[in-house]
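> return atomic coordinates for the entry below.
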Amino acid sequence: MSDFEGFYRDHVQLVHGLALARPGAMEQAEDLTQDTFLRAWQHFALLSAADPVTRRAWLVRTLRNLMVDAWRRRGRETAESLERPDPGPEAAERAELRVDLQRALSELGERDQEMVVLRYLDDRNSREIAAIVGVPEGTVRRRLAECRKLLAQQLSAWAPRRTPG
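Now for the predicted structure:
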């Protein structure tokens, strides 16, 4: 495996998760992730010499810049180019859930979003997350618990109904 492949595998879930968590980026998350790693590949000589925290910061900053560019382009698009056929009720319900999840995640602070993505999309433990974001492990556990509570409240409409039994 090449150095870039390892770099990609180590960071793709973080970048994609952050792209999904940003307002207005749901449909573009895959494109933004791909564009972020294309730029990383173009600058990999510099990135490969950087420490892990600097690499992660570069990816997040590049993703953020790409999102701003996409937002500006969208502002110039016409409503006609955005029309799509009706995908049906099941797809619509999944889309509604994604929108609600995106909205709930966007209510979190940037560092909290990052910790949630690292934990639940990248499957990192609190010790690994603490090393990545540069906060104590106890702080990570506390912030994740607070984020879970907030997300559960905001997504309570999607909770399965329990029947008495």
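
> for the protein, give me the ranges with low pLDDT.
1, 22-27, 71, 74-92, 94-95, 159-165 (pLDDT under 70).

> give me that answer again for 50
Residues of the chain meeting the criterion pLDDT under 50: 78-82.

> where do the domain boundaries of it fall?
Here the domain parsing of the chain from automatic domain parsing is 1-83, 89-165.

> possible to save these as a markdown table with mean neighbour count?
Every residue, glycine included, has its C-beta placed from N, CA and C. Conversion of the domains of the chain to a markdown table gives the following (neighbours: other CB atoms under 10 Å):
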| stretch | mean neighbour count |
| --- | --- |
| domain 1-83 | 15 |
| domain 89-165 | 14 |
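
> just give me the longest helix of this structure.
helix 52-76 (DSSP state H).

> which elements pack onto that helix?
Contacts defined by 3 or more CB pairs under 8 Å, 6 or more residues apart in numbering; DSSP states H and E place helix 52-76 against helix 3-21, helix 29-42, helix 126-133.

> touching it from outside, list them.
When contacts are defined by CB atoms under 8 Å, 6 or more residues apart in numbering, helix 52-76 is touched by residues 7, 11, 14-15, 18-19, 22, 24-25, 28, 31-33, 35-36, 39-40, 43, 47, 50, 114, 132, 134.

> so that helix versus helix 3-21, what angle?
Relative orientation of helix 52-76 and helix 3-21, computed by axes from the mean of the first three to the mean of the last three CA atoms, to 10 degrees: 50 degrees.

> wait, which of the helices and strands packed on helix 52-76 is closest to residue 157?
helix 3-21 (19.3 Å; CB to CB).

> quick one: that closest one to chain centroid distance?
Centroid separation for helix 3-21 versus its chain: 10 Å, with CA atoms, centre = their mean, to the nearest Å.

> just the CA trace of it, in CSV.
The C-alpha trace of helix 3-21 is given here as CSV (Å, rounded to 0.1, in the frame of the first residue of the first chain):
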residue,chain,number,x,y,z
ASP,A,3,1.8,6.2,1.6
PHE,A,4,-1.1,8.1,0.1
GLU,A,5,-3.4,5.1,0.3
GLY,A,6,-2.7,4.8,4.0
PHE,A,7,-3.3,8.5,4.5
TYR,A,8,-6.6,8.3,2.6
ARG,A,9,-7.8,5.3,4.6
ASP,A,10,-6.9,7.0,7.8
HIS,A,11,-8.8,10.2,7.1
VAL,A,12,-11.6,9.5,4.6
GLN,A,13,-14.3,8.8,7.2
LEU,A,14,-13.4,12.0,9.1
VAL,A,15,-13.5,14.2,5.9
HIS,A,16,-16.7,12.6,4.6
GLY,A,17,-18.4,12.8,8.0
LEU,A,18,-17.5,16.5,8.4
ALA,A,19,-18.8,17.1,4.8
LEU,A,20,-22.1,15.5,5.8
ALA,A,21,-22.3,17.5,9.0
